[in-house]
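1. Requesting a structural model of the entry that follows:
(one chain, ligands or ions: 1)
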Amino acid sequence: MIRFEHVSKRYADGTTAVDDLSFEVNEGELVTLVGPSGCGKTTTMKMVNRLIEPTAGRIFLDGDDISGVDPVQLRRRIGYVIQQVGLFPHKSVLDNTATVPHLLGVKRAKARARAAELLDLVGLDPKLFGERYPEQLSGGQRQRVGVARALAADPPVLLMDEPFGAVDPVVREHLQNEFLRLQQTLGKTVLFVTHDIEEAVRLGDRIAVYGEGRIEQYDTPSAVLGTPATDYVADFVGADRGLKRLSVTPIEEGDLEQPPVVHLDDPLPRELDARWAVVLDHDNNLHGWISAEHARVAANKGDTVRDHARRMEAWLPVGAPLKQAFATMLQHDAGWIAVIDEHSAGRFLGVLTPARLHEALRRSTAADARDITRAEVDLETVEQLLP
Ligand SMILES: Nc1ncnc2c1ncn2[C@@H]1O[C@H](COP(=O)(O)OP(=O)(O)OP(=O)(O)O)[C@@H](O)[C@H]1O
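-> Numbering: from 1, shown residues only. Have a look, this model is predicted:
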């Protein structure tokens, strides 16, 4: 969808901002460009919508060499979100969002109706916020309007330059999660600039880690964290990359243990093979759990499992990141968590224990590993943290 071929940018004062860059972003892919200040991320991005012209090389959008496309036409295909959102202060939120379609000739009423839908999509109630002016919004709300505005002309490509950089970490995480959800439905091709490796890892299908004017590694978050291509990348992603890897490694069905299971209408068992059992309903969906000790002491004749089942607090859907599993274990002081299949009404799949979590991390590291020794050092850090 976007292809860079040997692209360089040298400014008039001799600064080489980007040096012989070649990479490709697939349709529907979210690629994060991450690196320290001044390494050429913004220059890379601005060359895509021709706010900056390269001094060498070619950039293709959907097969078209963009140097031959009229910049105004080009920018209609590309939404652009920047850190200082640049909303028009004298226009309402609704009119700000409707600006581009209106400029493209869509009638004002229709453009505003579409803008209201988009505000809804980015989590702003148009009835509440539509008639406000930008100064009457929080930083996070302004960023959402920025995203809604960029989406207004329904461009296939989005360029986002540190869009969540100016908000506090809690709001940023919230905006990131919302954006990920949005992206799941919209499937835009996104280039996202950030200097924050956590953000790059959380959002990117792939990450381009920049050194000075060059990409040092272009790969999935899991591979960048698991097997940094160079010492520079290893330094940049940080010594705690083993922990960061928890955020990008999903729970898989094969990681799970199969504990004893009882059904709601079974007679209460006097003896269990373990200290607890998982309780399922007649469709094998997760209902709760019972402790063997409780079943032994409290049971009256004729009791069923239903009379003594406790609510399951610690559970997650399969595919959730290991970090969330780890956090859930700590939050509930639980030695294991139940894992379900959300797509089939909560069918119980098994349990994840700390030992299995560790194995899952090891499995994913090994899958990428070119440098297993280094990866294992980080696994030790994780081992120390497990209950
Ligand atoms: N108009 C310009 N003239 C000369 N040098 C420039 C110009 N614009 C950018 N540069 C230089 O090009 C290099 C790359 O800048 P760029 O803005 O692309 O970096 P960046 O990675 O986006 O940085 P940041 O994270 O700080 O925004 C820097 O050394 C910068 O000083």
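
2. What's opposite the nearest residue to Ala345 once chain neighbours are set aside in the beta bridge?
-> Closest residue in space to Ala345, ignoring its immediate chain neighbours: Asn285 at 5.9 Å, by C-beta to C-beta, 6 or more residues apart in numbering. Placement of C-beta: from N, CA and C, glycine included. For Asn285, the beta-bridge partners under DSSP bridges are Arg347.

3. I figured Gly123 was touching Arg144, is that so?
-> Yes. Between Gly123 and Arg144 a contact is recorded at 6.1 Å, counting by C-beta atoms under 8 Å.

4. Looking at these two, which is more packed in?
-> Applying other C-beta atoms under 10 Å to Gly123 and Arg144 shows that Arg144 carries more neighbours, namely 26 against 17.

5. Which residues are in contact with each of Gly123 and Arg144?
-> Glu178 (C-beta atoms under 8 Å, 6 or more residues apart in numbering).

6. So Ile290, which state does it fall into?
-> Under DSSP: H, G, I helix; E, B strand; the rest coil, Ile290 falls in the strand class.

7. What is the burial count for the closest residue in space to Arg132 that isn't next to it in sequence?
-> Leaving out its chain neighbours, the residue that sits closest to Arg132 by C-beta to C-beta, 6+ apart is Val93, at 5.3 Å. The number of residues packed near Val93 is 28, by other C-beta under 10 Å.

8. follow-up on the earlier one: contacting residues for the residue nearest to Ala345?
-> 340, 345-348.

9. which of these sit farthest apart?
-> Ala345 and Phe348 (10.8 Å; C-beta to C-beta).

10. Please say which of those two ends up with more neighbours.
-> For the pair Ala345 and Phe348, the greater number of neighbours falls to Phe348 (24 against 11), based on other C-beta under 10 Å.

11. I'd like the distance between that one and Met329.
-> As judged by C-beta to C-beta, to the nearest Å, Phe348 and Met329 stand 18 Å apart.

12. now Cys39
-> With C-beta to C-beta as the criterion, Cys39 and Met329 are 38 Å apart.

13. In the stretch 151-300 of the chain, what residue lies closest to the ligand?
-> Proximity to the ligand, evaluated over the stretch 151-300 of the chain using C-beta to the nearest ligand atom, is greatest for His195 at 4.9 Å.

14. so how many other residues sit close to that residue?
-> Counted with other C-beta under 10 Å, His195 comes out at 17.

15. With the one 3 residues further on instead?
-> For Glu198, the count of nearby residues is 17 (other C-beta under 10 Å).

16. again with Asp13
-> 5.

17. again with Pro36
-> The tally of other residues near Pro36 (other C-beta under 10 Å) stands at 11.

18. Now the phi/psi pair for it, please.
-> phi -70, psi 170 (degrees, to the nearest 10).

19. Pull the contacting residues for it.
-> 195, 210, 236.

20. still on that earlier bit, between the contacts of Asn285, which sits nearest the ligand?
-> Nearest to the ligand among those, with distances taken as C-beta to the nearest ligand atom, is Ile340, at 41.3 Å.

21. Am I right that that closest one is in a helix?
-> No. Counting by three-state DSSP, Ile340 is not found in a helix; it is strand.

22. Bridged to it, which residues?
-> Residues in beta-bridge contact with Ile340 (DSSP bridges): Pro317, Phe348.

23. Now for it: which residues touch it?
-> So Ile340 contacts 285-286, 315-318, 346-349 (C-beta under 8 Å, 6+ apart).

24. Just flag the most distant two among these.
-> Asn285 and Leu316 (14.7 Å).

25. Apart from its neighbours in sequence, what residue is nearest the residue nearest the centre of the chain?
-> Central residue of the chain (C-alpha atoms, centre = their mean): Leu203, 3.4 Å from the mean position. The shortest distance from Leu203 to any non-neighbouring residue, by C-beta to C-beta, 6+ apart, is to Thr32 (5.6 Å).

26. Which secondary structure elements does the helix or strand encompassing Lys244 sit against?
-> Using DSSP states H and E, Lys244 sits in helix 241-248. Using 3 or more C-beta pairs under 8 Å, 6 or more residues apart in numbering; DSSP states H and E as the contact test, the elements touching helix 241-248 are helix 197-203, helix 221-226, helix 322-331, helix 354-368, helix 372-385.

27. again, only this time at 6 Å
-> Helices and strands touching helix 241-248, by 3 or more C-beta pairs under 6 Å, 6 or more residues apart in numbering; DSSP states H and E, are helix 221-226, helix 322-331, helix 372-385.

28. Between helix 354-368 and it, find me the angle.
-> Here the directions of helix 241-248 and helix 354-368 differ by 100 degrees (axes from the mean of the first three to the mean of the last three C-alpha atoms, to 10 degrees).
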